[in-house]
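K.L.:
here is my input, please return the structure:
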Amino acid sequence: MIYLFFIALILLLVFAPGIWVQRVLRKYSEPEDRYAGSGANLARHLLDRHGLQSVTVEVTEAGDHYDPIEKAVRLTPDKHDGRSLTAITVAAHEVGHAVQDHLSYGPLKWRTRLVRATRGIEKIGAAVLVVSPFLGILTRVPALSLLTFAAGLLTLGTAAVVHLVTLPTEFDASFRRALPMLDKHRILKAPDRPHARRLLTAAALTYVSASLMSLLNIARWIAILRR
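P.N.:
Numbers count the residues shown, from 1 in each chain. The predicted model follows:
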């Protein structure tokens, strides 16, 4: 019974942040025509006001993000073309990252380096985890299998590390960049400001939920290999 309780608690801790983030984003996606301009319009306006005409605003299916390599703010279709409070606030958050990049904000530079350094490593980690039991059988050296398995877990864990390192960058983009921009340019309707703060918190915590999911992925591989 206690074992089931701890499993339920772990699952709650892993999934709750992501569920809350999605709930907040979905809640403020209505009404769809809350603002006159779209998320893309606002992003372009804020970028231009900060002298970032070279930064493009693009639509993507890969999740809302700022690409510091290509110098592009990328928004999913509902944020790019939408005129909801969610679309406006998320667009401002991603512009916040563009401003960080322009100002050579240290934590963003470190995140960019980490992402580039660990690109593809998670896939390698999964492959190592699959191969490790067979290496032990073929070589008849159990220690080699254990060493390979440990290397695979560490490799998968890099995703969690990157997401956790990202967290200060996300809160800076939300509350030191995006919210002051929204206030300065009088973008938000007065009743929307406290809701925008919740949205900006959700935008920052997106990486927390991603980090927890990465850890769950490691646990899944452990469970598979113990069978």
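
K.L.:
which parts of the protein are helices?
P.N.:
2-27, 39-49, 77-80, 85-102, 106-118, 121-139, 142-172, 179-184, 193-226 (DSSP state H).

K.L.:
list the contacts of the nearest residue to Tyr66 once chain neighbours are set aside.
P.N.:
In space, and not counting its chain neighbours, Tyr66 is closest to His97: 3.6 Å by Cβ to Cβ, 6 or more residues apart in numbering. In this view, the C-beta of every residue, glycine as well, is placed from N, C-alpha and C. For His97, the contact set (Cβ atoms under 8 Å, 6 or more residues apart in numbering) comprises His65, Tyr66, Pro68, Val73, Leu108, Thr169, Ala173, Arg177.

K.L.:
and the fourth one, what does it touch?
P.N.:
Going back to what we said before, that points to Val73. Taking Cβ under 8 Å, 6+ apart as the criterion, Val73 is in contact with Ala43, Leu47, Val55, Thr56, Val57, Glu58, Tyr66, Ala91, Glu94, Val95, His97, Ala98.

K.L.:
ditto for the last one
P.N.:
Under the criterion of Cβ under 8 Å, 6+ apart, the neighbours of Arg177 are His93, Val95, Gly96, His97, Val99, Gln100.

K.L.:
ok, so of the residues you listed, who is nearest Val162?
P.N.:
Out of those, the one with the shortest distance to Val162 is His97. That distance is 15.1 Å, counting by Cβ to Cβ.

K.L.:
any idea how far that closest one lies from Phe171?
P.N.:
According to Cβ to Cβ, to the nearest Å, His97 and Phe171 sit 12 Å apart.

K.L.:
just the contacts of Arg177 now: which is nearest Pro191?
P.N.:
His93 (19.8 Å).

K.L.:
wait, that closest one sits on Thr201?
P.N.:
No - under the criterion of Cβ atoms under 8 Å, His93 makes no contact with Thr201, lying 10.3 Å away.

K.L.:
out of these two, which sits in the busier spot?
P.N.:
His93 (31 against 16; other Cβ atoms under 10 Å).

K.L.:
got any ranges where the protein has weak pLDDT?
P.N.:
Applying pLDDT under 70 to the predicted model, the residue ranges of the chain that meet it are 1-15, 17, 118-157, 159-160, 207-227.

K.L.:
ok, the spatially closest residue to Asp67 that is not a sequence neighbour - contacts?
P.N.:
Nearest-residue entry for Asp67: Arg74, 6.2 Å, with adjacent residues in sequence omitted and distances by Cβ to Cβ, 6+ apart. Shown in contact with Arg74 (Cβ under 8 Å, 6+ apart): Val57, Glu58, Val59, Thr60, Ala62, Asp64, His65, Tyr66, Asp67, Glu94.
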